[in-house]
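[1] whatever this is, show me its structure:
(chains A and B)
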Amino acid sequence: MTTQRILIVDDELHIRSVIRIKLEGAGFGVTECTNGGRALDSIIKTKPDMIITDHEMPGEFNGLDMIRKVRDRERGMKQSADDCTPILMITGSVAIMEKIEKQVYEFPRVKIMSKPFSPRNLLKLVKEELSAACP
Amino acid sequence: MRDISHKKRIESFQGEFVDHIAHEFRTPLTSILAYIEMLIDGEATDQESKFMFYNIVYEEAHRLAQLIDNLLNLSRLESGMATINCSPTRLKRLLETNLEVIRPQCEKNNQKLVVELDERQPTLNVDKSLFSVAVMNLLGNAAKYTPPGGTITVWTSSNEEQFQINVKDTGVGIEEQELPKIFDKFYRCDTAQDETVTDSGVGLATAQKILHAHGCDISVSSKRGEGSMFSILVPRSLINTSVGD
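    Here you go, the predicted structure:
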């Protein structure tokens, strides 16, 4: 069975590490990026099965900008909303959570997890999302 | 009409500010809770992993405490509520105390800490506690952005107009266009994307506010890839000729 690959995008080393340890422990392959710009390059090269991203990151693209770019690219490739890469946005910002919840059409297949999060719950959500993507 | 619009703008700004603060608090809190959960779940399978997890919890709790201190100082200074209790303070002692705090971090990061302070350091009329926070924030910043093998140099200098406390590092440096923004609250440079750095973007803002409240200033020169030099510029009027504490 092919290892499912997950891309983690977060500028916080300790948060990337804890997610990586939890996911690798469950058998997933993990790639890490520290900002939205690098993540976009990585997505094109590695085609991850799922993306886990923070919102507030230094650099040109924050988490929401990156998600918009990913979805624009998928629409350009004529992928349907059901086929797009599942994304989990982890954020401590209530304003961002509300924005994503209100703009479901713009952000299909984007789940939100608020900080602080439980690695146990994160793993559960990742498994659910990936089993929904590959039933 | 104008009052209502002004009030709305203030409310909107306060909302964004609170949202930002909440985010800054949640980030270290997330690490603390997540690593504790991993320890409880037995995810740290050997002594080395356990030590690493405990160390992260300790560092992030410390970061949270420092963030609270910086935000409180910043808030008091911005609202004009801060009381600056100036008293004669021996600079050499103040610097040495702060250097002792940062030294273990430099050793851990494999950074060389060079201190060039002779015995003839002045006594300054400053709020020892707040001034110490400003110095510590500059030292902490240098340690944060200097890679292993790099050097942090601390020395003082003076001319006819002012006395300078200098902190120079061989770290990642700052792009020229970012220099005017680095003292803005919550601003994080693109260079802050170094994979090992955690920063909330309030340390330099707090240092600048504290120094301005004393009538001091802060200057920075930097080159991307070569390092940065921060200087606290102390006017001669703050130098006390009497014996300090």
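
[2] direction included, what does the helix or strand containing B:Ser221 pair against?
    Here B:Ser221, judged by DSSP states H and E, is contained in strand B:217-223. Within its sheet, and counting by DSSP bridges, strand B:217-223 is paired with strand B:227-235 (antiparallel).

[3] output the partner strand as CSV, restricted to C-alpha atoms.
    In CSV, the C-alpha atoms belonging to strand B:227-235 read as follows (Å, rounded to 0.1, in the frame of the first residue of the first chain):
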residue,chain,number,x,y,z
GLY,B,227,24.1,40.0,10.5
SER,B,228,22.7,42.9,12.4
MET,B,229,23.9,45.5,14.9
PHE,B,230,21.5,47.1,17.4
SER,B,231,22.7,50.1,19.5
ILE,B,232,21.0,51.6,22.5
LEU,B,233,21.8,55.3,22.4
VAL,B,234,21.9,56.8,25.9
PRO,B,235,22.0,60.6,26.1
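
[4] you'd agree B:Leu67 is in a helix?
    Yes - residue state for B:Leu67 (DSSP: H, G, I helix; E, B strand; the rest coil) corresponds to a helix.

[5] tell me the contacts of the nearest residue to B:Arg26 once chain neighbours are set aside?
    Across the structure, with C-beta to C-beta, 6 or more residues apart in numbering or on different chains as the measure, the residue nearest B:Arg26 apart from its sequence neighbours is A:Gly92 (3.3 Å). Bear in mind the C-beta positions are built from the backbone N, C-alpha and C, glycine included. Remark: with contacts taken as C-beta atoms under 8 Å, 6 or more residues apart in numbering or on different chains, A:Gly92 is in contact with A:56, A:114-115, B:22-27, B:30.

[6] need those in JSON lines (columns: distance to A:Asn121, secondary structure and neighbour count).
    Rendered in JSON lines, the data for the contacts of A:Gly92 read as follows (distance: C-beta to C-beta, whole Å; DSSP: H, G, I helix; E, B strand; the rest coil; neighbours: other C-beta atoms under 10 Å in any protein chain shown):
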{"residue": "A:Glu56", "distance to A:Asn121": "21", "secondary structure": "coil", "neighbour count": "20"}
{"residue": "A:Ser114", "distance to A:Asn121": "11", "secondary structure": "strand", "neighbour count": "15"}
{"residue": "A:Lys115", "distance to A:Asn121": "12", "secondary structure": "coil", "neighbour count": "23"}
{"residue": "B:Ala22", "distance to A:Asn121": "20", "secondary structure": "helix", "neighbour count": "15"}
{"residue": "B:His23", "distance to A:Asn121": "20", "secondary structure": "helix", "neighbour count": "21"}
{"residue": "B:Glu24", "distance to A:Asn121": "22", "secondary structure": "helix", "neighbour count": "22"}
{"residue": "B:Phe25", "distance to A:Asn121": "20", "secondary structure": "helix", "neighbour count": "18"}
{"residue": "B:Arg26", "distance to A:Asn121": "15", "secondary structure": "helix", "neighbour count": "19"}
{"residue": "B:Thr27", "distance to A:Asn121": "18", "secondary structure": "helix", "neighbour count": "25"}
{"residue": "B:Thr30", "distance to A:Asn121": "12", "secondary structure": "helix", "neighbour count": "24"}
